[in-house]
Structure formats: C-alpha cells, structure tokens
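**Student:** With the sequence up front, the predicted model follows.
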Amino acid sequence: MKPLLIIGYGNDLRTDDALGPALARAAAAWRLPHLETVAVHQLTPELAERVSRARAVLFADAATGSAAAAGVSLEPLAAGTAAGVRGHSAQPAELLALCQALFGPPPPAWLLAIPGEEFGFGESLSPGGAHGLAAALAATRLWISRFDH
C-alpha cells in the first residue's frame, strides 16, 4: 500500500515559522506504518518524486495574519502550473504540477495552515504557536483516519 505523506515546511530559526516541520516531526513520532513524514526548510523540486509515490499528501505550513486568525485550516489542493517552479523552492500546487508533468497524476493533496503569532528570530514556538500546533496535530490525526480502511 502506498504511504500517506506529510511534508512540513518552514524555517526552524524563525519561531512559529517552524510549525510545519514541528508537525512533521511530531507525526513521525507516532510511528504509524503507513505514514511517511518530511520536515524541510522549503519545498524543492526534488520532492516531486516522493509525492508521486504517495497515496495522499498533507502539506503543513505556518499561517500568518488573517489566515492565522481563522485558526487551523485544512483545504484540498489542486495542481497549479509547473512553470511556476523556479530555482530551488516551490509552492505546494506547483510541486503537484511538477509531479504530474514528470510522473503522472499526483495524489490527492491538502494544505494544513497552522496559526502562528511570532515570526522573529528564535528556536522555540510562541505560546500561540504551540496551541496552533496542538490543534493541527488533532486535525492531522483526523486526516489520517480518512484513509484507515
């Protein structure tokens, strides 16, 4: 069976920007046999091959501003255009498009936006970021349960 894939991305040195990688690392600690996790600084084209091998993909990133005020958000994603991938970083929809261009139809994908409040230099989550992470982990467990059958 193909694995579920969680890709958490963000900067571990910018307080709550580390919410995506923190979620990926916490989910890895669950040691679920059908779950793969990746914690990265940014989405790179090289991830397209790994995405192509997944049953479904959850991209996790910190949310700011009005998106953060709305709380944890889990939204389905559609492939964008691979033409948007320039250099070494991409957005989730662009990575899905690259996957499609290179390997065929991408798996279903979602974006999990995790509310953060502090994005200055630092290696610890803010209290609000920690609260957002807890809520995001609960949403991630629900997302995983959709595929347990």
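**Tutor:** Arrived safely. Residues are numbered from 1 along each chain as shown.

**Student:** Look through the chain and tell me its longest helix.
**Tutor:** helix 127-145 (DSSP state H).

**Student:** With Ala79 as the reference, measure out to the residue nearest to Ser52 when sequence neighbours are not counted.
**Tutor:** Nearest non-adjacent residue to Ser52, counting by Cβ to Cβ, 6 or more residues apart in numbering: Phe103, 3.6 Å away. C-betas here are computed from N, CA, C, even on glycine. From Phe103 over to Ala79 the distance is 12 Å, taken as Cβ to Cβ, to the nearest Å.

**Student:** Those two - which one has more neighbours?
**Tutor:** Ala79 (18 against 13; other Cβ atoms under 10 Å).

**Student:** Now do the same for the more buried one: helix, strand or coil?
**Tutor:** Classification of Ala79 using DSSP: H, G, I helix; E, B strand; the rest coil returns coil.

**Student:** Remind me what whichever strand or helix holds Ser66 packs against, helices and strands.
**Tutor:** According to DSSP states H and E, Ser66 maps onto helix 65-69. Applying 3 or more Cβ pairs under 8 Å, 6 or more residues apart in numbering; DSSP states H and E, one finds that helix 65-69 contacts strand 109-115.

**Student:** give me that answer again for 6 Å
**Tutor:** The contact analysis (3 or more Cβ pairs under 6 Å, 6 or more residues apart in numbering; DSSP states H and E) places helix 65-69 against no helix or strand.
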